[in-house]
Every structure is written in structure tokens, then in C-alpha cells.
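J.: Next come a sequence and a model predicted from it.
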Amino acid sequence: MIYREAGQFKTTYGADQAVFPVAQDRVVVAAAVVAAFVVPPLVASEYWLQAVLIPFLVYALAAIGLNLLTGYAGQLSLGTGGFMAVGAYSAFKLATAFPHLNIIVVFLLSGLVAAGVGLLFGIPSLRIKGFYLAVATLASQFFLIWLFNKVAWFTNYASSGTITAPDRTLFGALVTGPNSTAAARYLLALGLVAVFAVVAKNLVRGRVGRSWMAIRDRDIAAEIIGVRPLRTKLLAFGISSFYCGVAGAGLVFLYLGSAETLAFDISISFLVLFMVIIGGLGSILGSFLGAAFIVLVPIVLSNAPHAVGLRLPVALQKQFELMVFGGLIIFFLIVEPRGLARLWQITKEKLRLWPFPH
Amino acid sequence: MLDLLYAVAVAPFKDMAGAPAFLVEVLIGGVFAGLMYSLVALGFVLIFKASGVFNFAQGVMVLFAALTLVGLLERGAPVVVALALTTAVMVALAFAIERLVLRPLVNQAHIILFMATIGLNFFLEGFGEMVWGANVKKLDIGIPDRSFIVRGVQINQLELTAAITAAVLVTVLAVFFQRTRIGRALRAVADDHEAALSIGIPLKTIWIVVWSVAGVVAIVAGLMWGAKSGVQFSLSLIALKALPVLILGGFESVPGAIVGGLIIGVGEKLGEVYWGPLVGGAIENWFAYVLALTFLLARPQGLFGEKIIERV
């Protein structure tokens, strides 16, 4: 009864093609976004902001990036960690080399650097497809991490090999660096994610997104009707890497504070791929759901035995977590291979009919 | 500029020509390392051929097999019994995977199955360590890790054994595929699932067989790698080593896995010894991938992969 679109007539094509054609959706999403900006900084504890919400936002951004590439353009990539590292390291270099540069500009520029690198490593996709491409993208992952480890210039010759986010302000408030509050970093992350999610949503609705999906569904047919594979695939790699680069910069500047190359190793590529698949391939909402799932599950798992009064040894706890995590992934793939976004869609369909299911 | 060119294009070859015995040593080391990679890559190929599943968990299956074997040996089981029991465990695992993971996911997109095997990867890793403990174990199979010298060339006894084992395993697999009834069925399934089904080949059985065979290959790989570097978590990472071998040789080709392994092994060793110092070393992580990538640019389906014919 709540979720009814009866009576909502669309009189223009614009209204029909809107991101949220149903009024209830618009209200709920607007309320959620406002709430996301207002509520957590006021009520959430430092722990919640730092351990749950900020990583969620950062990973969601990376997941959107990978979803553009894998979900929309159909190019399977395992190089996400490498591209995120490019973003993080270029943000670090830019921020330390030009201390007066606005932090937002730093983020955008580092995204652009990552996009450039992504374009370069996207070139093989023109010839290589499917799993061959996935393994080929691992080359970028391993090569980039090796490069950042090897060349001390990237870390400003720090003996520890770590990069640390410097203090930077935005609108007079400290938003990065060790002295910034979690709330400030959260708000910056949320702002970035909100803007980029809207951009991504509009990208995939438009000409670019359609050409990506055409390439994904049948690349030869797409080529025949005039979609240029070279431009389309490279654009997907570039934009996806841009998102991943900004997410990588966010990972260091907003979440971890300081990081080594270890923070960007192959496991992060898999983690982001999990988010995309569990959330739903080819769905921006799915990227958020997937990121929430992957961020929350380990936290829940590590606290669950505690909550029921079970005290496990640390090693056993870790192994238990791995098992349940793996089991859950398989379970969700079996239950709904098209991801959490699909579950949400089904729920909405049910809600439209509720309480009369037929 | 010229110096750089010299250092890249001339000096390494001069080094090679200057010390042929050392070059042979490097080459042999590469061949052995390559065969070890092939052992792991074989498991991937078998499963991909028969079910189209890119089984990322192969590395963990190697670890799991090695852990089981060592665990049984530690509890005083004789070698033969331990091997038999480990084989039984791997076959049981194949049954469980077919029933619990593959069957519910039949007809799903490749990427979904790939993801499921990564889930399996996590699960097995936790499970194996929970059952057998996470500390590093020594696996002693009675072959000393010593070297002997033939005409001034050092040969490691353990690596030689591994190479021979790999060769034997490949021969056995080849005979199994070419001469036995099940092998023929496997090849039929690999060729065309639906046609195989229509002439009455039970797909489920084939899957179990193929996962079991991959499990046995994993035991052999675990045995060799475990004897070389101890049984520990990092054993599962050799899957990442086997991937370039796989794309180089082609996902569907058993000979491809062997030849690919040899090329990667030799190329990696040569690159490491002669070109590695130029860029500061530690290139073994990515060199194989770049090598495989350059091959792929020329042949997108790998050296022995099936030609990709696309229709609209």
C-alpha cells in the first residue's frame, strides 16, 4: 500500500527517463542522502565512522568504478588494487609537492593520473577477452605494486616506505591527516561519493553507458552497428580507473591515514570484485549494497562469537571468519546470482502488490 | 641512452655467452621451476576443459591436499596410507563441491562460477587451517634437498624428482584422456556439453571425476611444492604463479600448460638473472605476467587454446 505509483502520470519523455521515476523513490533517496550528511556526524561514535562508514564509502566508490568496467562494459578486471594505488600515490605526491593545492583538486588530479594508467593497461582488452583479460590485468596489479615498492621517489624517500596523508583543510576545517576528525573525513568522503555516484548513474544512462552495454552484450554486433570498440573499451578503462584512483586516494587520505603498498595488494582487487558481484553487476545501487555487505560481514563475524558469549582463540576465530565469509559468498551467489540489487528490485515488486500478492 | 641500450640488449647476452655452464644451470632451473608451475596449471586446465569453470581455488586445493597429507603423516600414518587417505579426502571434496557449489549454479555466467570458486578458496583456506593448524610444517618425502654436479652444472635432486614426477603425471593423464572410457567421455564433454549430454554422458559424474583428478594433481603439486618450501599458507599463492602459465598455454590445453610452464619458468629465470639487476630485482612477481601478456597480444587465445571464432 505504501509503494504505489498509481496516479503518477508522466507527461514528458524526460519524466519517463528520470533516475527515480517513482515519487516515493525520490523522497526516500533524498531523505537518505540528507540523513547520511546530517545524522552520522552528530550521533555516530568515532569507531563507527572510522571502522564502518568511511571504509564503506571509499569501497563503494571503488566498486562503482569497477562496476562501470566489469558490470557495464563487460571487461573483467583484477587490477583494481593497482589503479587504486596509482590514485593514492599520485595524491600523496601532489599533496606534498603542492601544499596549497585544494584537496578536492588533488583528488581529481590523482584520479586523472589513474585514468591515464588505466588507459594504458586497457589497451590489451582490444585483443584479449574474458578470463584471459582478467589474468592479463593482473599484470598491471603486480607491476604497479612492484613499481611503488621499488621507486623511492613515490614515497618521498621515506625509509619506512609508507605514505602518510598530510594535514589539509577544506572550507576552514581539517579534512585529512592525523589530526582531522573522523566526522570531517566522513563528510568529505560522502560528498565525493554522492557526486561521483550521480555522475556514474548519468553516464550509464546516456550514450556512453549504452555503448558500454552494447560492447558487453555482443561486441561484434555492437561494432557492426557503429559502436567503436577501441574508444568504448578504453573509455571504460579510463573512467573506471578514474573512480578507482579517487577511491585509492580516499583510502589513504580519508580512511587509513597512512599506508604501504600492502594496502593495495591483490586481495583488495578481489574484495572490490566481490562487492560488485555480490551487489549486482551493472547496478550503481548494487555497488553500494555490495560494499556495505563486504565491509559489514567481517565486522559482524568478528563480533558475533563475542556477542553470544563464545570465546574462541584468535587463530580459530580468524579461520572461522574465513570459512563463513567464503560460505556466505557461495550462498549469496546461489540464492541470487544477479546480486543484492536484484533482491532489492524483487522486494520493490513485492511491495507494489502488497498486501494482495496476486 | 646508448649505455642503456647496451645494458638491455647486449650485455645480458654477453654474460650468457661468457659463462655457458651458468647459463645451462639457469635454464635447467627455469625448466624445473616451469614444470612446478605446470603441475598447478594442470589442475586449472582439467577443470576448465570439462566444466568451463575457472577454478581459482586450485591453489588452495594444493595447500589443502598438502596440509591433509602432512597432518596424517604427523599422526603416524605410513606414507602409502596417508596418500590413499588424502586421495579419498580430495575425492570427497570433489563430491561436496559438485553437490553444494556447482550443481546449484549450473547454467550461470562464467564470472559467477569464478566468484564461487573464490568463495570456495576462502572457505577451504579457513577449513584446512582449522583442521590441521596454521603453523608451517615440514614435509619430508625422503628426497634430500641437495645438489649434485654434472659437467660443472649444478642440479638439485629435489627439483629433478619434481620434474620427473610432473612428466610421469602428464603421461598418465594423457593416457587416461586418450585411452580410457572416462577419458573419452571427458574429451567429449570438453568438446561440446550438449552433444555429450545428448548421447548419454552423465555430466554430473564427469564433473566429479574431473574435480577428483584435479584434486589428485593438487596432491602431487602439494607434495612437490611442500617438500621444497614447507607446507604453509603461502602455498596457496602459487595459484597466482600458475595463472600466467595458463593464459600463455591456453585455458583448454594440457600440452599448453606444460609448454606454457616451461616458457614461463625459463623466461622468468633468464629475466631475473640477466635483466633483473637492471631494474633493481624482485621482478618475479610480475615478469611472468608481462611475458604472458606479450604472447597474448599476438595470440589472444594462448599458444594452444582453441581458436576463438565469433559469430553474431
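T.: Cool, got the structure.

J.: so which helix or strand takes in the residue nearest the centre of chain B?
T.: Residue closest to the mean C-alpha point of chain B, counted by C-alpha atoms, centre = their mean, is B:Val40 at 1.3 Å. In the assignment (DSSP states H and E), B:Val40 maps to helix B:20-51.

J.: which helices and strands sit right next to that helix?
T.: Applying 3 or more C-beta pairs under 8 Å, 6 or more residues apart in numbering or on different chains; DSSP states H and E, we find helix B:20-51 packed against helix B:58-74, strand B:153-156, helix B:157-179, helix B:181-191, helix B:203-229, helix B:238-249, helix B:254-270. Using the backbone N, CA and C atoms, a C-beta is placed for each residue, glycine as well.

J.: Let's see that with 6 Å instead.
T.: The contact analysis (3 or more C-beta pairs under 6 Å, 6 or more residues apart in numbering or on different chains; DSSP states H and E) places helix B:20-51 against strand B:153-156, helix B:157-179, helix B:181-191, helix B:203-229, helix B:238-249, helix B:254-270.

J.: quick one on the thing from earlier: isn't the residue nearest to the centre of chain B right next to B:Val220, touching?
T.: No: between B:Val40 and B:Val220 there is no contact under C-beta atoms under 6 Å: 9.9 Å.

J.: re earlier: quick one, the helix holding B:Val40 and helix B:181-191 angle?
T.: Helix B:20-51 and helix B:181-191 meet at an angle of 80 degrees, taking axes from the mean of the first three to the mean of the last three C-alpha atoms, to 10 degrees as the criterion.

J.: tell me the angle of helix B:20-51 relative to helix B:58-74?
T.: 100 degrees.

J.: chain center to helix B:20-51, what's the gap?
T.: Counting by C-alpha atoms, centre = their mean, to the nearest Å, helix B:20-51 is centred 8 Å from the centre of its parent chain.

J.: got it, and stretch A:166-181?
T.: Centroid displacement of stretch A:166-181 relative to its chain, using C-alpha atoms, centre = their mean, is 23 Å.

J.: and it, which residues are buried?
T.: A:Arg168, A:Leu170, A:Val175, A:Thr176, A:Gly177, A:Ser180 (16 or more other C-beta atoms under 10 Å in any protein chain shown).

J.: is it possible to export those to CSV including distance to A:Leu192?
T.: Below are these laid out as CSV (distance: C-beta to C-beta, whole Å):
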residue, distance to A:Leu192
A:Arg168, 14
A:Leu170, 11
A:Val175, 11
A:Thr176, 12
A:Gly177, 17
A:Ser180, 15
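
J.: follow-up on the earlier one: out of the helices and strands packed on helix B:20-51, which comes closest to chain A?
T.: Chain A sits nearest to helix B:238-249 of all the helices and strands packed on helix B:20-51, at 4.6 Å, using C-beta to the nearest C-beta.

J.: tell me what that closest one is packed against?
T.: On a contact count with 3+ C-beta pairs under 6 Å, 6+ apart, helix B:238-249 meets helix A:130-150, helix B:20-51, helix B:58-74, helix B:254-270, helix B:284-298.

J.: got the angle for that helix vs helix B:20-51?
T.: Here the directions of helix B:238-249 and helix B:20-51 differ by 90 degrees (the same axes, to 10 degrees).

J.: send the alpha carbons of helix B:238-249 over as CSV?
T.: Provided in CSV are the C-alpha atoms of helix B:238-249 (Å, rounded to 0.1, in the frame of the first residue of the first chain):
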residue,chain,number,x,y,z
ILE,B,238,51.3,-20.5,-6.2
ALA,B,239,47.9,-20.3,-7.9
LEU,B,240,48.9,-16.7,-8.9
LYS,B,241,52.1,-18.2,-10.3
ALA,B,242,50.2,-20.6,-12.4
LEU,B,243,47.9,-18.1,-14.0
PRO,B,244,50.3,-16.6,-16.5
VAL,B,245,51.2,-20.2,-17.4
LEU,B,246,47.6,-20.8,-18.0
ILE,B,247,46.9,-17.8,-20.3
LEU,B,248,50.1,-18.4,-22.1
GLY,B,249,49.3,-22.1,-22.8
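
J.: And stretch A:246-258, how far out from the chain middle?
T.: Distance, centroid of stretch A:246-258 to centroid of chain: 13 Å (C-alpha atoms, centre = their mean).

J.: Would you map the helices across the stretch 51-200 of chain A?
T.: Along the stretch 51-200 of chain A, the segments classed as helices by DSSP state H, counting those that start in this stretch run A:54-66, A:80-97, A:103-122, A:130-150, A:182-205.

J.: Compare the ones you listed and give me the one nearest chain B.
T.: That would be, of the helices of the stretch 51-200 of chain A and by C-beta to the nearest C-beta, helix A:130-150, which comes in at 3.5 Å.

J.: what is the mean pLDDT for the closest one?
T.: For helix A:130-150, the mean pLDDT works out to 86.

J.: And the helices of the stretch 51-200 of chain A, which one averages the lowest pLDDT?
T.: Among the helices of the stretch 51-200 of chain A, helix A:130-150 scores lowest, at a mean of 86.
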